[in-house]
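> okay, structure incoming, though there's no sequence with it:
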C-alpha cells in the first residue's frame, strides 16, 4: 500500500496575508486622518471685528512663511461695505487708509472711486530660531484699523493660512474698531512626521553599516568591494537625503545634531576601520622573482 506524502505548507498562509492587508489598511487610514486634520487647519478662518453694516472687510491669507528671513507674506483683499463703498460697487467712496501695527511694513492707502486690488505685505516674525528645526516656532502681533474721510471706521478681518509647511495658531480681539491678531507659526504635522522619520532612518542606516562592518571585521574577509561600495554609497546618500528636508533647514539645525552628524561620523568611521582591517588581513604579495604555484 502506497503512502501519500504530506506536502509541506508554504510559510505564512491566509492568516499572514490577512494581517499584512490589515496593517496596510490601518496605515492608509491613519494617513487619511492626518491629511484630513491638516486640511481642516488650512481651511480654518479666524475672524476679528464686528458686524456693523458700514465697515471695511479685510480678507487676509498667509501665503508663505520665511523662517530664514523671519517674516511671513500676508495677502490682503480690502472691501468697503455699506455707506463706505460707492453705490452699487465695492470701491471706496472716499480715500481709504489701512493703519497697521509696527510688525506690518507700512500703512496702505487706496484712492477714492478706484478699484482695490490684492496686496502682498511682509510681516515681521519674532521669537524662535530656524536652527531649532523641526521644532521651531515664531510669533507675530498684527493690528489693522481703517480711516476713511478723516474718521475711524470699523474693521472686520478674517485670517487664513495657505502655507502647507506651517500651522497657524491665532488669538483674535477687537480694540476700538481695529482687528487684532496674535499668531504663532509652527511646523506643520506633516513636516514634523517627515523630519522625525528622517532622523530615525539616518540612525537605522548608520546602525546597519555598523553591523555590516563588524561582520566583515570579525570574519577577516579582506577587501569585499560590494560591501565597501554599499557603505560608501550610504555615506554620500545620507547627505542628499538630508537636503530633502521640507523647508530647507540650514546646516547646524537640531536635525543635524540629533541624527545627521552622528550618522555620517559613524558611517565614515566604519568605512575606514573596515578598509584598514581588510588590508591587514589580505595575504602579502609574493616576493619578486618567486615562482608562482
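The structure has been received and is ready for your questions. Values in this document were obtained by computation on a predicted structure and should not be read as measured data.
> nearest spatial neighbour of residue 171, skipping sequence neighbours?
Computed as CB to CB, 6 or more residues apart in numbering, the closest residue to residue 171 that is not its neighbour in sequence is residue 182, at 4.4 Å. For every residue, glycine as well, the C-beta is placed using N, CA and C.
> helix or strand for that neighbour, which one?
Using DSSP states H and E, residue 182 maps to strand 178-187.
> where's the residue nearest the centre of the chain relative to residue 260, distance?
For the chain, the residue sitting closest to the mean C-alpha position, by CA atoms, centre = their mean, is residue 191 at 3.3 Å. Distance of residue 191 to residue 260, computed by CB to CB, to the nearest Å: 16 Å.
> again with residue 212
Counting by CB to CB - residue 212 and residue 260 are separated by 20 Å.
> neighbour-wise, which of these two wins?
residue 260 (22 against 18; other CB atoms under 10 Å).
> so that one belongs to a helix, correct?
Yes. Assessed by DSSP: H, G, I helix; E, B strand; the rest coil, residue 260 belongs to a helix.
> tell me the contacts of it?
199, 202, 238, 242 (CB atoms under 8 Å, 6 or more residues apart in numbering).
> the third one contacts residue 266, doesn't it?
Pointing back at residue 238 there. No. In this structure residue 238 lies outside contact range of residue 266 using CB atoms under 8 Å: 10.4 Å.
> so for the closest residue to residue 70 other than its chain neighbours, what's the pLDDT?
Closest residue to residue 70 apart from its sequence neighbours, by CB to CB, 6+ apart: residue 125 at 4.7 Å. Per-residue pLDDT puts residue 125 at 94.
> can you tell me the closest non-neighbouring residue to residue 156?
In this structure, residue 156 finds its nearest non-sequential neighbour in residue 49, 3.4 Å apart by CB to CB, 6+ apart.
> I'd guessed that neighbour sits against residue 153; true?
No. Counting by CB under 8 Å, residue 153 is not a contact partner of residue 49; they are 11.0 Å apart.
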